[in-house]
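> What follows is a predicted structure for the sequence shown.
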Number of protein chains: 2
Amino acid sequence: MTEERELTLEEQVAALESERDEHLNDLKRVAAEFENYRKRVLRDQESLVARAHERLVKELLPVLDDLERALAAAEEHEEAKLEEGVRLVHRELADALEREGLAEIETTGVFDPHVHEALLSQPSEEEDGSVIEVLQKGYRLGDRVLRPARVVVSQGE
Amino acid sequence: MTEERELTLEEQVAALESERDEHLNDLKRVAAEFENYRKRVLRDQESLVARAHERLVKELLPVLDDLERALAAAEEHEEAKLEEGVRLVHRELADALEREGLAEIETTGVFDPHVHEALLSQPSEEEDGSVIEVLQKGYRLGDRVLRPARVVVSQGE
């Protein structure tokens, strides 16, 4: 067993001073770390957005290249090459955007105000309230609607 | 003048205990704030990148629409409409990327290894070391080279 005894008041004062100083130093250190972190975050956020954009823009360069090739084919009146070029460009752009999470909005079945915008309603053989024509495709990115599908809705017969 | 006297040791102990506890509480509070901030930053960074992408992807939707119109024109063998469509799509995509800060790399004059990539060197009438042909356009985004211009360089005569 170790020998134990009550601390004298002087010893208590010395011990408390040292504890107080230790907490104060820790407080200053954590506050300084916090402040540095805050500054770094601001810098990082800018470069994060820049890097994210960079990747996407880089993916679109081949699309731009192939569009220019298609334009050159158009100038030479090489119609088959132009048409093939446009198909290629469309596939490249659609693929690049799909990799970003872009997805077409479904337009089969009943009109859904969350993802569809009704531009017209017309009498038709289709059930009242169903989508009968798509005037402009709609898209979602992840779980957000980027653009609603613009549609014509049936009024029933 | 207020009356002053030395604190007793008991009073010193009490005062130091209260200072120590105050610093410890501040330390705990700042550490907790720091931790919450760190967590929020992680969440924010995800949505920051998502929002940044969303804006760019949204700008590309009309390009996709017009490409689809051009494809429809191709299927109907409406060559003039197809050609006009491709010109429109090219302008839209080039404009959208320019707004993001994309710029073509200059290729006039002397070969610059920072922005050009020499794929070939050929004897020519042009000065030794000057760019004589661009095989693939180069691009920069802001002050970063996204893709060097791929060029043919003159060896002199």
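On my side now, so go ahead. Numbers count the residues shown, from 1 in each chain, chains lettered A, B, ... in the order given.
> Packing partners of the top helix by length along chain A?
Taking DSSP state H as the assignment, the helix of chain A that covers the most residues is helix A:9-75. Secondary-structure packing of helix A:9-75 (3 or more Cβ pairs under 8 Å, 6 or more residues apart in numbering or on different chains; DSSP states H and E): helix A:79-99, helix B:9-75, helix B:79-99, strand B:139-141, strand B:144-147. Every residue, glycine included, has its C-beta placed from N, CA and C.
> Measure how it sits relative to helix B:79-99, angle-wise.
Per axes from the mean of the first three to the mean of the last three Cα atoms, to 10 degrees, the angle that helix A:9-75 makes with helix B:79-99 is 160 degrees.
> hmm, back to that, out of the helices and strands packed on helix A:9-75, which is the most enclosed?
strand B:139-141 (a mean of 20; mean count of other Cβ atoms under 10 Å in any protein chain shown).
> any idea how far chain B is from residue A:108?
Going from residue A:108 to chain B by Cβ to the nearest Cβ, to the nearest Å gives 19 Å.
> who does residue A:149 bridge with?
Bridge pairing for residue A:149 (DSSP bridges) gives the partners residue A:116.
> Check the burial of it by counting its neighbours.
Using other Cβ atoms under 10 Å in any protein chain shown, residue A:149 has 23 neighbouring residues.
> Which one of the helices and strands packed on helix A:9-75 lies nearest to residue A:12?
Residue A:12 lies closest to helix B:9-75 among the helices and strands packed on helix A:9-75, at 5.1 Å (Cβ to Cβ).
> tell me the average confidence for the closest one?
Mean pLDDT, helix B:9-75: 91.
> Could you do stretch A:94-107 as well?
Computed over stretch A:94-107, the average pLDDT equals 93.
> would you turn the helices and strands packed on helix A:9-75 into a markdown table with distance to residue A:134?
Shown next, in a markdown table, are the helices and strands packed on helix A:9-75 (distance: least, Cβ to Cβ, whole Å):
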| stretch | distance to residue A:134 |
| --- | --- |
| helix A:79-99 | 17 |
| helix B:9-75 | 12 |
| helix B:79-99 | 19 |
| strand B:139-141 | 35 |
| strand B:144-147 | 36 |
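> Any figure for the gap between residue A:95 and residue A:59?
Using Cβ to Cβ, to the nearest Å, residue A:95 is found at 9 Å from residue A:59.
> do residue A:10 as well
From residue A:10 to residue A:59 the distance is 72 Å (Cβ to Cβ).
> now swap in residue A:133 and tell me
33 Å.
> With residue A:129 instead?
Taking Cβ to Cβ, one finds residue A:129 at 40 Å from residue A:59.
> do the same with residue A:70
18 Å.
> ditto for residue A:46
21 Å.
> can you check residue A:146 too?
18 Å.
> Can I get stretch A:21-29 in CSV? Just the C-alpha atoms.
The C-alpha coordinates for stretch A:21-29 follow below in CSV (Å, rounded to 0.1, in the frame of the first residue of the first chain):
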residue,chain,number,x,y,z
ASP,A,21,-3.3,26.2,-16.6
GLU,A,22,-3.5,22.9,-18.3
HIS,A,23,-7.3,23.3,-19.1
LEU,A,24,-6.6,26.9,-20.3
ASN,A,25,-3.8,25.7,-22.6
ASP,A,26,-6.0,22.9,-24.0
LEU,A,27,-8.8,25.4,-24.5
LYS,A,28,-6.4,27.8,-26.5
ARG,A,29,-5.0,24.9,-28.5
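> contact partners of it?
Contacts of stretch A:21-29 with the rest of the structure, by Cβ atoms under 8 Å, 6 or more residues apart in numbering or on different chains, involve B:20, B:23, B:24, B:26, B:27, B:30.
> What score does residue A:126 have for pLDDT?
Confidence score, pLDDT, at residue A:126: 90.
> Which of the three states applies to residue A:6?
Recorded secondary structure, residue A:6: coil (DSSP: H, G, I helix; E, B strand; the rest coil).
> now it: how far from residue B:18?
Residue A:6 is 21 Å from residue B:18, where distance means Cβ to Cβ.
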